[in-house]
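J.: from the sequence below, what's the structure:
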Amino acid sequence: MTERHGTTGREIPAPRGSKGHRQRHERTAPTIYDVARAAGVAPSTVSRAFSRPDRVNAETAARIRSIAADLGYRTNPLARALPTGHTSMIAVASSDITNPYYFEIIRGAQAAAAERNYTTLLADAQESVTLEREALERAIPTVEGIVLASTRMSDSSIRMLAKQRPLIAVNRDITDVPNVVTDHAMSVRQAVDHLVELGHRRITFLSGPEAAWANGMRWRSLRLYAAELDVQVRRLGPYAPTAAGGTRAAEDFRDHRTSAVIAYNDLVAIGFMRRLVALGARIPADVSVVGFDNIFASALMSPELTTVAPPLRTLGSMAVHNLLALIGGANPTTVQPLALPTRLYVRASTAEPPTRRRRWRSTTEIAAGAASAPAARRPTATRGNRLPLSG
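T.: Numbers count the residues shown, from 1 in each chain. Got it, this is the predicted structure:
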């Protein structure tokens with residue numbers, strides 16, 4: 001299709017993406033029938049030459065492929081696979097792709113899938129159960145299996161998905177659904193033992209999302225283990241599993257302090273630490289902080305964050321290996337899942353508890369100081385504090 005230009009009668013091509021351009025492309029794109037006509041064979045023979053070459057004479061198959069290449073014909077692997085269900089694609093759903101916790105899980109999953117020539121379809125739930133469910137419902141027709149990474153969906157919703165496709169849950173223990181988890185009891189014990197060895201006897205837990213299974217497991221393990229050690233623990237939250245959630249936690253913590261804090265994850269810990277410094281606190285002289293996950297930013301902080309690390313890449317790869325076994329016909333097991341061990345990384349955000357309680361600045365004092373400071377002046381860190389303030 002062409003268009004007339006002005007009064008000269010000159011024809012110009014229809015713009016790319018326009019209806020005319022699409023129609024012309026559709027007319028010129030070679031089809032299986034074009035290949036069959038040029039090769040002098042039936043369309044079904046062309047189809048077999050690409051999908052089942054062993055059922056076509058070798059010389060005929062080679063001639064068909066050569067003619068197809070000359071015509072620019074391309075097969076559609078997905079279209080051929082849909083009738084049989086063998087698409088060589090799996091879905092990996094994460095609660096929030098911007099959370100660095102998922103980076104290594106996804107890398108591990110992709111590597112394991114690639115080893116078996118599978119492609120990974122990534123679904124980002126953005127911490128929304130509705131978005132996660134809708135994305136997976138759309139993906140089900142085109143994937144052979146599903147990996148759920150720290151899903152926030154209910155147990156019943158997950159079981160419903162598991163009835164439609166082979167499914168592995170990561171970091172979520174659900175009856176009758178195969179899963180891969182980390183040892184949350186071990187991770188909490190590692191964090192608590194470290195703080196107790198330093199002399200801390202009162203610990204605050206900054207809670208993550210209520211729908212997060214790991215959050216409930218960590219708080220439960222913390223209460224039980226603290227009771228064994230006669231250590232006082234309390235919980236603040238729930239908070240979003242982000243740095244902004246940690247900022248909010250710091251505001252709640254400022255008037256009800258303890259000498260040590262265990263955060264739901266590293267992002268919460270980072271936001272918490274930055275806000276405490278803005279309030280005049282010193283980390284770890286005033287408060288010791290421990291996170292979970294060992295994301296890359298935890299080692300870039302100043303002070304560097306003490307954290308408990310699960311084997312994230314192994315979680316992803318093991319989930320996919322197990323999923324592909326289910327796809328291949330293996331029977332799912334409902335026995336107690338193997339809990340992968342964790343590792344404590346001791347860094348500079350933890351120390352002995354303070355001998356006296358220092359006064360921190362109030363919100364009013366911070367606001368008054370900001371109003372009186374010159375516009376071009378940037379805030380500086382409190383003496384002895386190595387955590388930089390945001391400008």
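J.: can you pull out the helices in the stretch 201-350 of the chain?
T.: Listed in chain order, the helices of the stretch 201-350 of the chain (DSSP state H, counting those that start in this stretch) span 213-229, 243-253, 266-278, 312-327.
J.: what packs against the last one?
T.: Counting contacts by 3 or more CB pairs under 8 Å, 6 or more residues apart in numbering; DSSP states H and E, the secondary-structure elements packed against helix 312-327 are strand 89-94, helix 101-115, strand 145-149, strand 167-170, strand 179-182, strand 339-340. All C-beta spots, glycine's among them, are computed from the backbone N, C-alpha and C.
J.: one step back: now for the helices of the stretch 201-350 of the chain, which one comes closest to residue 72?
T.: Closest approach to residue 72 among the helices of the stretch 201-350 of the chain (CB to CB): helix 312-327, 34.0 Å.
J.: need the contact partners of the closest one.
T.: The contact list for helix 312-327 (CB atoms under 8 Å, 6 or more residues apart in numbering) reads 90, 92, 101, 103-113, 116, 118, 144-147, 149, 166-168, 170-171, 178, 180, 182, 293, 332, 340.
J.: point out the most buried one among the helices of the stretch 201-350 of the chain.
T.: Mean neighbour count (mean count of other CB atoms under 10 Å) peaks for helix 266-278 among the helices of the stretch 201-350 of the chain, with a mean of 26.
J.: CA atoms only: put that one into CSV for me.
T.: The C-alpha trace of helix 266-278 is given here as CSV (Å, rounded to 0.1, in the frame of the first residue of the first chain):
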residue,chain,number,x,y,z
ASP,A,266,19.0,-6.2,54.0
LEU,A,267,17.0,-3.5,52.3
VAL,A,268,15.0,-2.8,55.5
ALA,A,269,18.3,-2.8,57.4
ILE,A,270,19.9,-0.4,55.0
GLY,A,271,16.9,2.1,55.1
PHE,A,272,16.9,1.7,58.9
MET,A,273,20.5,2.5,59.3
ARG,A,274,20.5,5.5,57.0
ARG,A,275,17.5,7.1,58.9
LEU,A,276,19.1,6.4,62.3
VAL,A,277,22.2,8.2,61.2
ALA,A,278,20.1,11.2,60.1
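J.: give me the below-cutoff pLDDT ranges for the stretch 51-200 of the chain.
T.: For the stretch 51-200 of the chain, the stretches with pLDDT under 70 are 76-85.
J.: just to revisit the earlier point, mean neighbour count and distance to residue 69 added to the helices and strands packed on helix 312-327, as a markdown table?
T.: Shown next, in a markdown table, are the helices and strands packed on helix 312-327 (neighbours: other CB atoms under 10 Å; distance: least, CB to CB, whole Å):
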| stretch | mean neighbour count | distance to residue 69 |
| --- | --- | --- |
| strand 89-94 | 25 | 26 |
| helix 101-115 | 20 | 27 |
| strand 145-149 | 27 | 34 |
| strand 167-170 | 26 | 40 |
| strand 179-182 | 23 | 44 |
| strand 339-340 | 16 | 48 |
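J.: next, format the ones you listed as TSV and append distance to residue 259.
T.: Formatted as TSV, the helices and strands packed on helix 312-327 follow (distance: least, CB to CB, whole Å):
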stretch	distance to residue 259
strand 89-94	35
helix 101-115	27
strand 145-149	34
strand 167-170	34
strand 179-182	27
strand 339-340	30
